[in-house]
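[1] no FASTA, just this:
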């Protein structure tokens, strides 16, 4: 078998990291998969499942052995980990390529530039797979998780083109569609389409859970409630960190939504059937068009 690279190291072996390792192993992208993290039981479980071949708790060791380092830790942890890595590889001619799978890019870009005298490290290619599950942990990993999903790369001026191409090839080998956009555009788009919906789901479930009638609410809730609130079962630590890391873009999304919701409240209070119908009709049309795009992407 002809491998693109010898050793890929997954730093943070959870759902995303485990799924990436399994997908890359299935595609033959790399010969060997190494795990790194702070929780040894999770890493041992990764070896037991055949997700990784070996693991280490030593950051210097994983840097020394890997051709590609993939940071799959929670967003704030990933930024701190990136700083530690860049401190160790600065000045090295044989530095591994560094990439990530975090949901926010701005804080990682800031951490990188701070660690690299204001410049973009040439071997760092920031990326984000738009895929996931309300389940978490390496036991939930799935080699098909990224297939027919998009992965966003946010290359910056100063990036080594060969590094960008290798990271692009890595994600493409999982069956994902790889696209590129700026860091600012990425964080704004994800705040509106992913981060805000999660915040709303958490807020709704939390508000209803504290209601005096919460027992009846959850007992008689129907499928619509289940579907909308499913993402509130996601990892609270991960989403806490995402909200903090993408604060500015998320606040803009929350403010825009809050203004729209206030307008709907006014329409309901005034029994303004025309405004309510217009809003619901526009939303239905937009959602139907989105569903068509999803179907075309899968066909």
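    That came through, no problem. Here the structure is a predicted model, which is why all the values come from computation and not from measurement.
[2] what about the helices in the stretch 101-250 of the chain?
    In the stretch 101-250 of the chain, helices defined by DSSP state H, counting those that start in this stretch lie at 106-115, 161-172, 183-190, 196-209, 214-220, 223-229, 236-245, 247-269, listed in chain order.
[3] Which neighbouring elements make contact with the helix or strand of the chain with the lowest mean pLDDT?
    The helix or strand of the chain with the poorest confidence is helix 214-220; it has a mean of 75 (mean pLDDT, DSSP states H and E). Helix 214-220 is packed against helix 196-209, with contacts defined by 3 or more C-beta pairs under 8 Å, 6 or more residues apart in numbering; DSSP states H and E. Heads up, the C-betas are built off the backbone N, CA and C, glycines and all.
[4] Now the helix it packs on: average pLDDT?
    Per-residue pLDDT over helix 196-209 has a mean of 93.
[5] care to break this protein down by domain?
    5-181, 186-298 (automatic domain parsing).
[6] would you list the ones you listed in JSON lines and tack on mean neighbour count?
    Shown next, in JSON lines, are these (neighbours: other C-beta atoms under 10 Å):
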{"stretch": "domain 5-181", "mean neighbour count": "19"}
{"stretch": "domain 186-298", "mean neighbour count": "14"}
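[7] what's the least confident stretch among those?
    Ranked by mean pLDDT, the domains of the chain end with domain 186-298 in last place, scoring a mean of 91.
[8] coming back round to it: distance to residue 62 added to the helices of the stretch 101-250 of the chain, as TSV?
    Formatted as TSV, these follow (distance: least, C-beta to C-beta, whole Å):
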stretch	distance to residue 62
helix 106-115	18
helix 161-172	17
helix 183-190	26
helix 196-209	30
helix 214-220	44
helix 223-229	38
helix 236-245	22
helix 247-269	30
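[9] which stretch among the ones you listed comes nearest residue 135?
    Of all those, helix 236-245 sits nearest to residue 135, with 12.2 Å by C-beta to C-beta.
[10] how far out from the middle of the chain is that closest one?
    Put simply, helix 236-245 sits 11 Å off its chain's centre (C-alpha atoms, centre = their mean, to the nearest Å).
[11] One more: stretch 94-101?
    Using C-alpha atoms, centre = their mean, the offset of stretch 94-101 from its chain centre is 17 Å.
[12] what do you get for stretch 72-86?
    With C-alpha atoms, centre = their mean as the basis, stretch 72-86 stands 14 Å off its chain's centre.
[13] what residues does it touch?
    Contact partners of stretch 72-86, identified using C-beta atoms under 8 Å, 6 or more residues apart in numbering, comprise 10-14, 16-17, 20, 37, 59, 63, 69, 71, 98, 100-104, 107-108, 110-112, 114-116, 121, 124, 237-238, 241-242, 244-246.
[14] same check, this time on stretch 109-123
    When contacts are defined by C-beta under 8 Å, 6+ apart, stretch 109-123 is touched by residues 79-80, 82-83, 86-87, 89-90, 95-98, 124, 126, 154, 156-160, 163, 183.
[15] what about it, start to end distance?
    One end of stretch 109-123 to the other measures 13 Å (C-alpha to C-alpha, to the nearest Å).
[16] now stretch 148-158
    End-to-end distance for stretch 148-158, by C-alpha to C-alpha: 30 Å.
[17] try stretch 182-198
    Across its full length, stretch 182-198 reaches 23 Å end to end, with C-alpha to C-alpha as the criterion.
[18] likewise stretch 127-146?
    One end of stretch 127-146 to the other measures 13 Å (C-alpha to C-alpha).
[19] Could you check how far it is from the centre of its chain?
    From the chain centre to the centre of stretch 127-146 is a distance of 9 Å (C-alpha atoms, centre = their mean).
[20] Leaving out sequence neighbours, find the closest residue to the residue nearest to the spatial centre of the chain.
    Geometric centre of the chain, nearest residue: residue 103, 3.7 Å, by C-alpha atoms, centre = their mean. Leaving aside its sequence neighbours, residue 103 sits nearest to residue 242 (C-beta to C-beta, 6 or more residues apart in numbering; 5.0 Å).
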